[in-house]
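# Need the 3D shape of this:
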Amino acid sequence: MANYKEKAYLLLSGGQDSFVCLTWALKNFEEVEAVSVAYNQRHAKELEYAAKVAAHFGVKHTVYDIGNFLNAIADSTLLKAGNHNAHHQQADNLPASFVPNRNGLFLTIISNHAFRNNEKHIQIITGTCETDFSGYPDCRDSYIKSKEVELSLGLDRAVSIYTPLMWKTKAQTFEMADKAGKLKELIDLTLTCYNGVEEMHEWGRGCGECPSCLLRKKGFEEYKNQK
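Purely as a prediction, here's the structure:
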């Protein structure tokens with residue numbers, strides 16, 4: 001039985017975390033709709049996987065294409081060529097893959113989508129996490145809570161943002177998928193690799209070398225060893 005009677009809107013990237021969030025959302029809400037954002041990232045393969053995941057679960061899926069907007073105002077190895085393992089050009093304490101305020105922009109887009117659907121209480125789900133993550137400041141719990149207030153004020157209606165993975169390790173997200181009976185689908189249907197490499201491994205698809213793949217591989221091995 002659903003815990004919430006309302007409809008929820010999920011940011012779907014095509015990766016591991018948003019997949020697990022979708023399984024959580026389908027269990028906890030009566031209806032779920034997925035939204036993805038195309039932003040001229042170095043590879044768009046993740047959007048193909050997002051479409052596959054949405055189709056597999058039978059949820060409505062909308063993709064908003066914001067074109068070159070982020071490329072024009074931000075430096076990131078997810079947008080332009082570069083070493084994902086290096087420091088960010090503007091911040092030595094952040095990885096080169098950091099896209100400034102990307103999550104804030106995505107949350108604004110999905111809240112506008114829900115507002116246009118005339119939702120009286122906008123329910124958003126995102127896979128942000130600050131346990132096993134790359135250090136992005138817009139993934140932190142304090143940022144998400146602040147964004148929830150900002151969106152509520154900007155739209156003049158209640159906005160709730162759910163982050164079911166915020167305090168989970170990658171091993172625990174694999175466990176969540178396994179308990180939902182969706183571990184095989186998680187491995188087969190998602191792509192988290194920053195380089196867009198689709199080579200299959202025991203832990204999923206990827207290059208096995210970028211920060212995202214290393215987190216995913218480590219999480220899978222930890223989960224497998226604790227079973």
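# any idea of the mean pLDDT for the longest strand belonging to the chain?
Of all segments of type strand in the chain, defined using DSSP state E, the longest is strand 29-38. Strand 29-38 shows a mean pLDDT of 97 in the predicted model.
# for whichever helix or strand comes after that strand, packing partners?
On the C-terminal side of strand 29-38, the closest following helix or strand by DSSP states H and E is helix 45-57. Applying 3 or more CB pairs under 8 Å, 6 or more residues apart in numbering; DSSP states H and E, one finds that helix 45-57 contacts helix 16-28, strand 29-38, strand 60-65, helix 183-189. (C-beta placed from N, C-alpha, C; glycine too.)
# Next, the buried residues of the second one.
Of the residues in strand 29-38, 29, 31-37 count as buried by neighbour count, 16 or more other CB atoms under 10 Å.
# Give the partner strands of it in its sheet and their orientations.
With DSSP bridges as the test, strand 29-38 is paired with strand 4-11 (parallel), strand 60-65 (parallel).
# quick one on the thing from earlier: adding distance to residue 154, write the helices and strands packed on helix 45-57 out as a markdown table.
Below are the helices and strands packed on helix 45-57 laid out as a markdown table (distance: least, CB to CB, whole Å):
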| stretch | distance to residue 154 |
| --- | --- |
| helix 16-28 | 23 |
| strand 29-38 | 18 |
| strand 60-65 | 18 |
| helix 183-189 | 34 |
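# I'd like to know which of those is closest to residue 126.
Among the helices and strands packed on helix 45-57, the nearest to residue 126 by CB to CB is helix 16-28 (7.1 Å).
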